[in-house]
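here's a sequence, model it:
(one chain, ligands or ions: 2)
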Amino acid sequence: MRNFEYLSGFGNEFASEALPDTLPKGQNTPQKVKHGLYAEQISGTAFTAPRDENKRTWCYRIRPSVIQGEYQQIDNLSLRSAPFDEVPPSPNQMRWGAYPFPQQPTDFIDGLITIGGNGSVDSQVGLAVHTYVANASMTDRFFYNSDGDFLIVPQQGMLLIHTELGSMDVSPGEICVVPRGIRFQVAVEGESRGYVCENYGQAFRLPGLGVVGANGLANPRDFLTPVARYEEREGEFRLTNKYLGNLWEASIPHSPLDVVAWHGNYVPYKYDLQNFQAINAVNFDHPDPCIFTVLTCPSGVPGTANIDFVVFPSRWLVAERTFRPPYFHRNYMSEFMGLIEGVYDGKAEGFVPGGFSLHNRMTPHGPDATTFEKASNAELKPTYLEGTLAFMFESFLPYRLTKQVHESQLRQKNYLDCWQGIKAIFSPEN
Ligand SMILES: O=C(O)Cc1cc(O)ccc1O
Ligand SMILES: [Fe+2]
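Numbering: from 1, shown residues only. Ligands and ions are numbered 1, 2, ... in the order given. Now for the predicted structure:
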């Protein structure tokens, strides 16, 4: 089941065939497609989007997607969407422990718990952040999202993500993106937890590198897109759709993962965060966290992201005469953070793998008292930050929480205490 084949590259025009010579030559819609397949286009942008932005994929499938029952609305369970108006938006610094695994069999979709978000699904701006806790595979159920792309960040347990365009194995330390509209199914191997950033806005892309040059950070060749892989399976299956904030379900008498060949640039992909080439200060001072941007998605305001996906990987710290952990700050951008493994260099304790924190626009935060004390007095020899992987979903819009997560017992009510021991050490004489 593991180690599927992949095509390498970010944003490429790919072509993939599970049966050789299936794709039509020199055209997309021949009168008859080889092997009796049906041609179907999935567009991820307006037809008239500029060429750089334009995304679509041509699928050659056993049945066209229209063969399905009528959608009926189903329970949203713990899934919520923008606008987030269940509780008043809070400027407080907040942090939570990790959600526990469910007692009952729960698949990836039922296991989604929305933490919060911003913007609007209708206007296609902003994002939602979810955590998932799952212990059961989707077998007779398929899902697609009309509202946004899913950026999935596993924290525990490998996910097998079977999409219309092929299958991906995504382990903790890797991430994947399933664009809106692409149908998929998630299989788990036991208790699985992680984070999902649902991007309502424009597609994720690699950040510009400017003076860094042609290479560095996340390199395009390390992004992997699955190859075509189909199943011909009939049965009584469910097709779940997230549509303008609600879940709907239709019966479907066959597996929609029946694409024998496809070509295009509207594709799922995965990326191993180990391949991220961190660039950092090698003389002095702590650079701003944007040096760790893996993927970004623009808001329309120049240089101001709807979402920046940023990782803080294992790395050497070598800066001299420098307070090395994150500085104290109040930011324009709002910061949701999660931890995949280890300890984050800004927080000595309390920020746990699977947990998350939120610091909204202009809310002060930074190193806790223990970290400040330690790092202010540390010997500044080269130090390797080992076994750590934190990340941030940074957004130009502040995050609004869901009621469930705002009121959760997992919220650390004493989070602010981590800074209260910071003493005034001012002395006009020194
Ligand atoms: O820990 C944080 O708050 C994230 C963060 C990290 C950093 O290195 C600098 C600024 C910043 O917001
Ligand atoms: Fe911050």
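
for this protein, which residues are neighbours of ligand 1?
Residues of the chain found near ligand 1 (C-beta under 6 Å from any ligand atom) are 288-289, 326, 329, 331, 335, 346, 359, 365, 392. C-betas here are computed from N, CA, C, even on glycine.

contacting residues for Ser171?
154, 158-159 (C-beta atoms under 8 Å, 6 or more residues apart in numbering).

let me redo that: Thr370
348-349, 418, 421.

pLDDT at it, what is it?
According to the prediction, Thr370 has pLDDT 96.

what's around the nearest residue to Thr114 once chain neighbours are set aside, how many residues?
Closest residue to Thr114 apart from its sequence neighbours, by C-beta to C-beta, 6 or more residues apart in numbering: Arg80 at 3.9 Å. Arg80 is flanked by 24 other residues according to other C-beta atoms under 10 Å.

and the gap between Arg80 and Ser8?
Noted for Arg80: a distance of 36 Å to Ser8, by C-beta to C-beta, to the nearest Å.

now Val311
20 Å.

those two: who's more crowded?
Ranked by neighbour count (other C-beta under 10 Å), Val311 and Ser8 place Val311 first, with 22 against 13.

now stretch 138-147, how far from the centre of its chain.
17 Å (C-alpha atoms, centre = their mean, to the nearest Å).

what comes up buried for that stretch?
Neighbour counts over stretch 138-147 (16 or more other C-beta atoms under 10 Å) mark 138, 141-145, 147 as buried.

who's in contact with the residue nearest to Thr114?
Residues counted as contacts of Arg80 (C-beta under 8 Å, 6+ apart) are 86, 114, 117, 128, 245, 402, 404.

need those in TSV (columns: distance to Glu341, pLDDT and neighbour count).
Supplementary listing: the contacts of Arg80 in TSV, determined by distance: C-beta to C-beta, whole Å; pLDDT from 0 to 100; neighbours: other C-beta atoms under 10 Å:
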residue	distance to Glu341	pLDDT	neighbour count
Glu86	31	97	15
Thr114	24	99	23
Gly117	25	98	29
Ala128	24	98	31
Gly245	33	98	17
Thr402	26	98	23
Gln404	26	98	15
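
just name the closest of the residues you listed to ligand 1, please.
Taking C-beta to the nearest ligand atom as the measure, ligand 1 lies nearest Gly117 of these, at 18.8 Å.

wait, isn't that closest one in contact with Leu79?
No - under the criterion of C-beta atoms under 8 Å, Gly117 is not in contact with Leu79, lying 11.2 Å apart.

hey, where'd the strands end up in the stretch 251-400 of the chain?
259-264, 269-272, 293-298, 305-312, 315-317, 334-341, 356-359, 383-385, 389-395, 400-401 (DSSP state E, counting those that start in this stretch).

helix, strand, or coil at the residue nearest to Thr114?
coil (DSSP: H, G, I helix; E, B strand; the rest coil).

pop out the phi and psi values for it.
phi -130, psi 160 (degrees, to the nearest 10).

need the pLDDT of the residue nearest to Ser90 when sequence neighbours are not counted.
Using C-beta to C-beta, 6+ apart and skipping the chain neighbours, the partner closest in space to Ser90 is Leu401 (6.8 Å). What the model reports for Leu401 is a pLDDT of 98.

residue in the stretch 51-200 of the chain with the shortest distance to ligand 1?
Gln93 (9.9 Å).

in contact with the residue in the stretch 151-300 of the chain positioned nearest to ligand 1, which residues?
Closest contact between the stretch 151-300 of the chain and ligand 1, by C-beta to the nearest ligand atom, is at Pro289 (3.8 Å). The contact partners of Pro289, by C-beta under 8 Å, 6+ apart, come to 310, 312, 326, 392, 394.
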